[in-house]
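Asker: The sequence and its predicted three-dimensional model are supplied below.
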Amino acid sequence: MSSQRSTNITPRAAARLRGTYGPWAVVTGASDGIGRAFARRLAAAGVDLVLAARRGEVLTALAAELAGEFGIAARIVAVDLGTPAGVDALLAATRSLDVGLLVASAGFGTSGPFIDADLAAELEMIDVNCRAVAALSHAFGRRFAARGRGGLVLMSSLVAFQGVPRAANYAATKAYVQSLAEGLRHELAPRGVDVLASAPGPVHSGFAARAAMTMGLAQTPDEVAGASLAALGRRGTVRPGWLARLLELSLKLLPRWGRVRMMGVVMAGMTRRGA
């Protein structure tokens, strides 16, 4: 808990977030990892929060923690964003609020050969990582454009920029998010809406356990959240943290086929199942 309570944000950065985007933010995937780190950062900036994830009891505890520590209002919406009903419920729960920022950090990954995977899980990943992000970006993008200001933070990944053997479908979902964010940034900028693709490298979070991967050198969720919020409104894509930038540079000089091959080697070493 001490590492979670180390969140630090300058008064200037806090004022920028509140002044640019307004009083309320929605954070999906808020119960753990990067989403939770975003929630703490925004709460430290004095932004009221709508916290969305599947685990209602975890969200309830987090909302109470953030309200007590930072004095903000925090509401929870316990939903499965892999379903249209879950997306609709989140939109309905936020309709009366002056929301100015969406952090779409809900998502999960799988690893291993695609044809050996459970198809239902792979299609669920597309629903959560792509379909829900598209639906929420569409709905909140419209709201923000009508209000003349707002921000969308969409979680891309280092794996979004090439195919990745042993994480082929996951990398494809992140390629979709990256491309969506790039296009939306140019569509929505004239209407006062900032769009950011955050593309971290390996991160210490619950993601790795669900994806059956082992992480050696990795970033913290707070590093990702802090760098992403600092880049929002200033850049279109951010590789948060030195590790993401180092990995980007190591791949940048390779042709695309070389990056695919290199990422396959990396993934073979990170997955727990045999090659």
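Answerer: All right, it came through fine.
Asker: per-residue pLDDT, Gly183?
Answerer: At Gly183, the predicted lDDT confidence score is 98.
Asker: number of nearby residues for it?
Answerer: Gly183 has 11 neighbours, counted by other C-beta atoms under 10 Å. Quick note: C-beta positions are derived from backbone N, CA and C, even for glycine.
Asker: I'd assumed Val87 was in a strand, is it?
Answerer: No: secondary structure of Val87 (DSSP: H, G, I helix; E, B strand; the rest coil): helix, not part of a strand.
Asker: Next, count neighbours for the closest residue in space to it that isn't next to it in sequence.
Answerer: Nearest residue to Val87 in three dimensions, chain neighbours excluded: Ala135, at 4.7 Å (C-beta to C-beta, 6 or more residues apart in numbering). By the criterion of other C-beta under 10 Å, Ala135 has 19 neighbours.
Asker: There's contact between Ala135 and Ala85 in this structure, I believe.
Answerer: No: using C-beta atoms under 8 Å, Ala135 makes no contact with Ala85, being 11.4 Å away.
Asker: Which elements pack onto the longest helix seen in the chain?
Answerer: Of all the elements of type helix in the chain, the one with the most residues (DSSP state H) is helix 168-188. When contacts are defined as 3 or more C-beta pairs under 8 Å, 6 or more residues apart in numbering; DSSP states H and E, helix 168-188 packs onto helix 119-126, helix 132-147, strand 150-155, strand 193-198, strand 237-238.
Asker: so where do the strands sit in the stretch 1-150 of the chain?
Answerer: 24-28, 48-53, 74-78, 99-104, 150-155 (DSSP state E, counting those that start in this stretch).
Asker: Turn those into TSV, columns for mean pLDDT, mean neighbour count and distance to Arg191.
Answerer: Putting the strands of the stretch 1-150 of the chain into TSV (pLDDT from 0 to 100; neighbours: other C-beta atoms under 10 Å; distance: least, C-beta to C-beta, whole Å) gives the following:
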stretch	mean pLDDT	mean neighbour count	distance to Arg191
strand 24-28	98	27	19
strand 48-53	98	26	22
strand 74-78	98	20	26
strand 99-104	98	26	13
strand 150-155	98	26	9
